Every structure is written in structure tokens, then in C-alpha cells.
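A.B. asks: coordinates only, sequence not included:
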Ligand SMILES: Nc1ncnc2c1ncn2[C@@H]1O[C@H](COP(=O)(O)OP(=O)(O)OP(=O)(O)O)[C@@H](O)[C@H]1O
């Protein structure tokens with residue numbers, strides 16, 4: 001069941017030339033974690049602020065939990081929307097203790113007990129009489145999360161929740177935050193510019209470009225079946241090989257690829273593939289071949305750059321155990337690629 005629905009939402013800031021959000025419509029299902037991604041200025045934060053009630057759209061409709069919160073001039077004020085918000089810098093009150101910070105937005109019931117239960121839920125084991133400056137970044141984030149979820153909001157909104165954490169901590173915190181959100185069953189939307197955050201943490205990802213929603217789907221579908229080149233390239237550069245189709249395959253500058261699909265094309269095409277959609281193999285005459293330009297070792301995998309006779313390069317990801325000692329050339333094959341007409 002959908003808990004949040006946006007219909008044809010548009011937003012233009014008063015001094016701006018272009019719309020920050022252009023005709024955006026989507027739904028979020030109950031209990032789902034949605035990531036909003038896009039390059040800087042694509043409208044991610046604006047969209048989050050429109051849902052929170054911190055900005056008002058020029059047109060469109062937003063419903064939360066079956067209630068219309070925005071339509072035309074009508075708007076439910078931010079404090080009445082029952083939306084929990086975690087800001088990028090956590091925005092904790094420096095003069096309040098951990099417990100007081102979490103109790104801040106609570107008005108009903110035994111507020112001490114609710115705050116303590118929520119702190120337990122987010123796994124914070126510190127002395128709750130400490131102040132925010134006495135905590136690490138990861139701990140401050142848990143306090144901010146506890147403060148946002150303690151009042152039992154209908155939806156949790158997080159702006160760049162992982163951007164202040166160092167790389168070592170990030171992987172761990174991402175997983176922990178995901179588990180906490182899933183345990184509470186709360187619906188969550190987070191903004192990030194980091195594709196790794198989105199792919200590893202979200203159930204679905206919405207990708208924005210210049211305020212337009214490009215695609216919204218699961219990480220797997222977005223990565224493997226992007227609807228346009230912008231979405232495809234957003235999740236990492238793809239290799240591009242120019243190919244000439246024939247009855248039974250494609251002629252390329254790296255060799256021939258047998259593919260019955262080729263006969264459907266008449267002119268030149270582009271074969272597009274990600275580094276992990278190729279594999280370096282032993283030579284047996286059937287594969288593509290390239291001159292080894294560079295090998296980079298990453299522990300979990302190696303990245304090999306191969307060039308054709310004119311120096312055009314492709315990048316292939318391969319297993320870390322493969323040895324290239326004494327080799328000038330390497331053979332490879334592609335197990336997955338997209339075919340696009342080349343003009
Ligand atoms: N208060 C404002 N007044 C005028 N223009 C604004 C305002 N806030 C944002 N914008 C513009 O709206 C567009 C979308 O901005 P927004 O901050 O939503 O993008 P974003 O994707 O969150 O970017 P970033 O990743 O850099 O935070 C940008 O062109 C930005 O310059």
C-alpha cells in the first residue's frame with residue numbers, strides 16, 4: 001500500500017530561472033526505504049523539503065497516509081505532518097543532553113520512557129546525560145535518528161545521512177541504519193549523491209536530473225535496465241565499442257562477436273557494457289582481444305584496461321587471482337551488453 005504520493009509536483013524558487021522540480025510524480029510504499037539520487041542541483045533536497053512542508057510547490061498534489069497535505073494553495077503546516085527529519089549536520093541541540101534531545105519533540109505519554117526505549121532501539125549505549133559534542137559522528141547520528149523516530153512519525157526523511165561519516169565507518173553505519181529502519185517498519189526517504197549509499201541501502205531508488213524524475217525502481221533494475229543513458233552513466237561509466245552488424249554477429253575493432261541479434265540492425269551500432277559485464281579468458285579463437293595497457297589490483301578484484309590497434313580502450317573487471325605475467329595481450333568476452341544505434 002502506498003503511504004506517500006506525489007502527483008505532478010512543480011517547484012520554482014522566486015529568483016530562479018528554471019524550475020527546481022518539474023512535474024514529478026511517484027508513490028512510496030509503506031515500510032519502504034527510498035533513496036533520492038542525482039547530481040548536485042538536481043532537486044533532491046527541494047523534493048525532501050516539499051514533502052516535509054519546509055517548501056511549498058507551485059502546483060501539484062502530495063498525500064501522506066491517505067491525507068492530502070498539499071494541493072493548490074492548501075497546505076498542512078510542517079509541524080502537523082507527522083514527518084521525522086534527520087538533517088545532514090544532525091542539527092542536535094548542543095545545550096541539551098542526549099536524553100533531552102530525544103525527548104524534545106515528545107508531548108504525549110511517558111516521554112522519558114519513550115526516549116529511553118528509542119535510544120535502546122538505535123543501539124546507543126552511551127551515558128544519556130552526555131552532550132552531543134562528547135559523542136562521535138556515528139553516535140550523534142544515532143541520537144538524531146532516535147529524535148526523529150521517537151514521536152512515531154508517518155515517514156522519516158533524511159538529508160545526506162552518511163555524508164559526514166568517514167569511509168571506514170560508512171559501510172557499517174549504512175547497514176545499521178537500514179536494520180534500525182526495517183526493525184521499526186517506518187517508511188523512509190533519504191537523499192544522497194553517493195550511488196553506493198543508494199544501491200546498498202535502499203529498496204528503491206528515484207533518480208533526478210534537472211528536476212525531472214528519470215526512473216524509479218529497485219537498485220537491480222536501475223543498474224541493469226536503465227531507461228536512458230543518463231541513468232546508465234550515473235551508476236558508473238560504461239564501455240562503448242563501435243560495431244558493424246552482419247548476419248551472425250558484430251565486427252568490432254577488438255574482434256568478432258557472434259550474436260544472432262545483429263541481423264536486426266543495418267547501420268553501425270554501439271555496444272555498451274559495464275566493466276563487470278566482461279570477463280578475461282584463455283585464448284581459444286572465439287574471443288575479443290586487446291593489448292594490455294594497465295592492470296590495477298583492488299584486493300577483491302582487478303581492473304584491466306585493454307586497447308585495440310588504434311588505442312581505443314575498454315575496461316574489464318576480473319577476479320583478483322588471475323595472472324597476467326608475461327602477457328602483452330588478453331582475450332575477453334562480453335556476457336552482457338546493450339546495443340544502441342550509432343549515428
Ligand atoms: N532557496 C533557494 N533559492 C533559489 N534557488 C534554489 C534554492 N534552493 C535551491 N535552489 C536551486 O534549485 C535547484 C535544486 O536545488 P537542490 O538543493 O534541491 O538540489 P540538490 O540535488 O539537493 O543539490 P545538492 O546535492 O547540491 O544539495 C538548484 O538549481 C538550486 O540552485
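C.D. replies: Nice, thanks for sending it over. Just so you know, these numbers come straight off a predicted model, no measurement behind them.
A.B. asks: excluding its backbone neighbours, what's nearest the residue nearest to the spatial centre of the chain?
C.D. replies: Nearest to the mean C-alpha position of the chain, by C-alpha atoms, centre = their mean, lies residue 198 at 2.6 Å. In this structure, residue 198 finds its nearest non-sequential neighbour in residue 35, 3.8 Å apart by C-beta to C-beta, 6 or more residues apart in numbering. C-beta here means a position set from N, CA and C on the backbone, and glycine is covered the same way.
A.B. asks: would the residue nearest to the centre of the chain count as being in a helix?
C.D. replies: Yes: residue state for residue 198 (DSSP: H, G, I helix; E, B strand; the rest coil) corresponds to a helix.
A.B. asks: ok, it touching residue 216?
C.D. replies: No: with contact defined as C-beta atoms under 8 Å, residue 198 does not count as touching residue 216 (11.7 Å).
A.B. asks: list residues touching both of the two?
C.D. replies: Here residue 198 and residue 216 share the contacting residues residue 205, scored by C-beta atoms under 8 Å, 6 or more residues apart in numbering.
A.B. asks: packing partners for the helix or strand bottoming out on mean pLDDT in the chain?
C.D. replies: In the chain, the helix or strand scored least confidently by mean pLDDT, DSSP states H and E is helix 167-184, which has a mean of 86. Other elements packing on helix 167-184 under the criterion 3 or more C-beta pairs under 8 Å, 6 or more residues apart in numbering; DSSP states H and E are strand 33-37, helix 111-121, helix 137-149, helix 195-201.
A.B. asks: switch those over to TSV; also include mean pLDDT.
C.D. replies: Listed next are those as TSV, based on pLDDT from 0 to 100:
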stretch	mean pLDDT
strand 33-37	97
helix 111-121	91
helix 137-149	90
helix 195-201	90
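A.B. asks: turn those into JSON lines, columns for distance to the ligand.
C.D. replies: Compiled in JSON lines, these are given as follows (distance: least, C-beta to the nearest ligand atom, whole Å):
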{"stretch": "strand 33-37", "distance to the ligand": "8"}
{"stretch": "helix 111-121", "distance to the ligand": "28"}
{"stretch": "helix 137-149", "distance to the ligand": "18"}
{"stretch": "helix 195-201", "distance to the ligand": "13"}
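A.B. asks: winner for burial among the ones you listed?
C.D. replies: For the helices and strands packed on helix 167-184, ranked by mean neighbour count under the definition mean count of other C-beta atoms under 10 Å, the leader is strand 33-37 at a mean of 25.
A.B. asks: give me the next element, helix or strand, following that strand.
C.D. replies: helix 44-52 (DSSP states H and E).
A.B. asks: chain center to that following helix, what's the gap?
C.D. replies: Taking C-alpha atoms, centre = their mean, to the nearest Å, one finds the center of helix 44-52 at 16 Å from the center of the full chain.
A.B. asks: circling back to that earlier point, residues contacting the residue nearest to the centre of the chain?
C.D. replies: Contacts for residue 198 (C-beta under 8 Å, 6+ apart) come out as 35, 37, 192, 205, 219.
A.B. asks: roughly how far does the second one sit from residue 238?
C.D. replies: Translated: residue 37. To residue 238, residue 37 is 17 Å away according to C-beta to C-beta, to the nearest Å.
A.B. asks: residue contacts, the residue lying closest to residue 119 once chain neighbours are set aside?
C.D. replies: With C-beta to C-beta, 6+ apart as the criterion, residue 119 has its nearest non-adjacent residue at 5.2 Å, and that residue is residue 146. Shown here is residue 146, whose contacts under the criterion C-beta under 8 Å, 6+ apart are 102, 115, 118-119, 121-122, 124.
A.B. asks: show me which residues of the stretch 201-343 of the chain are close to the ligand?
C.D. replies: In this structure, the stretch 201-343 of the chain does not approach the ligand anywhere, judged by C-beta under 6 Å from any ligand atom.
A.B. asks: would you map the strands across the stretch 201-343 of the chain?
C.D. replies: For the stretch 201-343 of the chain, the strands defined by DSSP state E, counting those that start in this stretch occupy 204-209, 212-217, 239-245, 249-252, 255-258, 269-273, 278-281, 288-297, 302-307, 313-318, 329-334, 338-341.
A.B. asks: for the fifth one, buried residues please.
C.D. replies: Right, the one you point to is strand 255-258. Buried residues in strand 255-258, counted by 16 or more other C-beta atoms under 10 Å: 255-257.
A.B. asks: next, count neighbours for the closest residue to residue 132 other than its chain neighbours.
C.D. replies: The spatial neighbour of residue 132 that comes closest, neighbours along the chain excluded (C-beta to C-beta, 6+ apart), is residue 92 at 4.2 Å. By the criterion of other C-beta atoms under 10 Å, residue 92 has 21 neighbours.
A.B. asks: interface residues of the stretch 1-150 of the chain facing the ligand?
C.D. replies: Proximity of the stretch 1-150 of the chain to the ligand is assessed by C-beta under 6 Å from any ligand atom, with 13, 15-16, 20, 38, 40-46 identified as the residues in range.
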